[in-house]
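Peer 1: here is the input, now give the coordinates:
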Amino acid sequence: MTDTSLSNPGLRSTLRHLWQDQRVWFASALILAVLALFDPSQAADSAQFAGRALLSTAPFLVLSIAIAAWAGATGADNLIAKAFTGAPLLMVVLGALAGGISPFCSCGVIPLIAALLAMGVPLSAVMAFWLASPIMDPSMFVLTAGVLDLEFAVAKTLAAIGLGASGGFIVHLLMRGGAFADPLREGIGNGGCGGAKIRAPGPVVWRFWHDAGRRAKFGKTALSTTLFLAKWLTLAFILESLMLAWIPTETVTATLGGEGLLPIVTATLVGVPAYLNGYAALPLVGGLIEQGMAPGAGLAFLVAGGVTSIPAAMAVWALAKPQVFALYIGLSLAGAFASGLLFQLWTMT
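Peer 2: As a prediction, this is how the structure comes out:
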């Protein structure tokens, strides 16, 4: 019976999809199960810590979920199409602004990028959007203000827009010298849900509640956003509880504290492999700052991790040629360091 069940293609497919969809919840459950087996008191402490943290951030979660659902239901994300018309330098600025404030989901950004490049939109404007988009969006702003503080949220937004604009300008100068004439890999064309928003942007319906289909989309987006945030924040708060329990404050202070350049450089480099998710990283950075991490190092970690996280980096690698990927990584690391340094100087004044 067991062998027959396991050899059933339908069962294997169901289990594979279950793992793909719920692996973050499985990871949280596995951590708590292992803790319960080897350190029951820490398991209870971590579960209570995560529960209290989720309750304390609930108002910000509700607001961020409402923003995401409203953007999807009204079609406000279609306004992004207007950012890519006009003079090249203006397109860079608008692309950076759009990337820093757009409510695009991860499934929409990548096909949108492919469509923009395939349709001949300059790489400079696309790069500006590409660099800024993973760092900040309206939901992220609200949660950053709630988990960290408003000053940090504003600094992260300015870092996203500044990184996008500076990266776009650099690419523009390189393109004037003849570089990146054909940035896409062979076989990459326009298409996908994101690309459709550029080719045929739909109207924005602000009073979406009068349309049954848009009401349904609001509910669907709200549910999916709730589940997404809940699973990542639960894992993040569990990891934060273990970090606070097991990592000595002296170690954090010695590695990432202080006012020099080294903590910011270290946080920039550590942010690349250690980053989990834009939402999950917020409470972890908050815990590190409480233990002595320099604010500038915290911002550098968030910016570097957001742009070079595995999903974002793999998307660039899959779409663009290696030289474009290398430039993307180089710009993101340099921008993260500069953002962290400027924020550290600001907090010292």
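
Peer 1: and the top helix by length along the chain, what's its mean pLDDT?
Peer 2: Among the segments of the chain that qualify as a helix by DSSP state H, the longest is helix 212-246. For helix 212-246, the mean pLDDT works out to 82.

Peer 1: ditto for stretch 302-315
Peer 2: 70.

Peer 1: try stretch 147-167
Peer 2: Mean predicted confidence for stretch 147-167 is 90.

Peer 1: can you give me the buried ones in it?
Peer 2: For stretch 147-167, the neighbour count (16 or more other Cβ atoms under 10 Å) marks 147-148, 152-153, 155-167 as buried. Glycine gets a C-beta too; all of them are placed from N, C-alpha and C.

Peer 1: look at Leu341 and report its pLDDT.
Peer 2: pLDDT at Leu341 comes out at 90.

Peer 1: ok, it to Ala212 distance?
Peer 2: Applying Cβ to Cβ, to the nearest Å, the value for Leu341 to Ala212 is 51 Å.

Peer 1: so those two - more neighbours on which side?
Peer 2: Leu341 (18 against 8; other Cβ atoms under 10 Å).

Peer 1: could you find the closest non-adjacent residue to that one?
Peer 2: Ile264 (5.6 Å; Cβ to Cβ, 6 or more residues apart in numbering).

Peer 1: I'd like the distance between that neighbour and Gly340.
Peer 2: Counting by Cβ to Cβ, the gap from Ile264 to Gly340 is 4 Å.

Peer 1: in the helix or strand the residue nearest to Leu341 falls within, what counts as buried?
Peer 2: Assigned by DSSP states H and E, Ile264 belongs to helix 262-274. Using 16+ other Cβ under 10 Å as the burial criterion, the residues of helix 262-274 that qualify are Pro263, Ile264, Val265, Thr266, Ala267, Thr268, Leu269, Val270, Gly271, Val272.

Peer 1: turn those residues into CSV, including distance to Leu284 and pLDDT.
Peer 2: Listed next are the buried residues of helix 262-274 as CSV, based on distance: Cβ to Cβ, whole Å; pLDDT from 0 to 100:
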residue, distance to Leu284, pLDDT
Pro263, 16, 82
Ile264, 17, 85
Val265, 19, 86
Thr266, 15, 83
Ala267, 12, 81
Thr268, 16, 83
Leu269, 16, 80
Val270, 12, 74
Gly271, 11, 70
Val272, 15, 65
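
Peer 1: just to revisit the earlier point, from the chain's centroid, how far away is the helix holding Ile264?
Peer 2: Put simply, helix 262-274 sits 17 Å off its chain's centre (Cα atoms, centre = their mean, to the nearest Å).

Peer 1: try stretch 296-305
Peer 2: 12 Å.

Peer 1: what sits in contact with each of Ile264 and Gly340?
Peer 2: Gly296, Ala297, Ala300 (Cβ atoms under 8 Å, 6 or more residues apart in numbering).

Peer 1: filter these down to the ones in helices?
Peer 2: Judged by DSSP H, the shared contacts of Ile264 and Gly340 include Gly296, Ala297, Ala300 as members of helices.

Peer 1: what's the neighbour count on the second one?
Peer 2: To tie it back to what came earlier, the one meant is Ala297. Residues lying near Ala297 (other Cβ under 10 Å) number 29.

Peer 1: is it correct that it is in contact with Thr347?
Peer 2: No: contact criterion Cβ atoms under 8 Å: Ala297 and Thr347 do not qualify, at 10.9 Å.

Peer 1: pLDDT weak spots in the stretch 51-200 of the chain?
Peer 2: Along the stretch 51-200 of the chain, segments meeting pLDDT under 70 span 64, 76-86, 103-120, 186-200.

Peer 1: run the last query once more with 90
Peer 2: 52-149, 152, 172, 174-200 (pLDDT under 90).

Peer 1: now name the helix or strand holding Lys156.
Peer 2: Counting by DSSP H and E, Lys156 is part of helix 150-176.

Peer 1: what is that helix packed up against?
Peer 2: Under the contact criterion of 3 or more Cβ pairs under 8 Å, 6 or more residues apart in numbering; DSSP states H and E, helix 150-176 touches helix 88-101, helix 123-132, helix 138-147, helix 295-308, helix 322-348.

Peer 1: between those, which gets nearest to Thr74?
Peer 2: Closest approach to Thr74 among the helices and strands packed on helix 150-176 (Cβ to Cβ): helix 138-147, 12.9 Å.

Peer 1: list every C-alpha atom in the closest one, with coordinates, as PDB.
Peer 2: Taking Å, rounded to 0.1, in the frame of the first residue of the first chain, the C-alpha atoms of helix 138-147 are listed here in PDB:
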ATOM      1  CA  PRO A 138       4.000  50.700   0.500                       C
ATOM      2  CA  SER A 139       3.500  47.600   2.600                       C
ATOM      3  CA  MET A 140       7.200  47.300   3.400                       C
ATOM      4  CA  PHE A 141       7.200  51.000   4.400                       C
ATOM      5  CA  VAL A 142       4.400  50.500   6.900                       C
ATOM      6  CA  LEU A 143       5.900  47.400   8.400                       C
ATOM      7  CA  THR A 144       9.400  49.000   8.600                       C
ATOM      8  CA  ALA A 145       7.900  51.900  10.500                       C
ATOM      9  CA  GLY A 146       6.100  49.600  12.800                       C
ATOM     10  CA  VAL A 147       8.900  47.000  13.400                       C
END
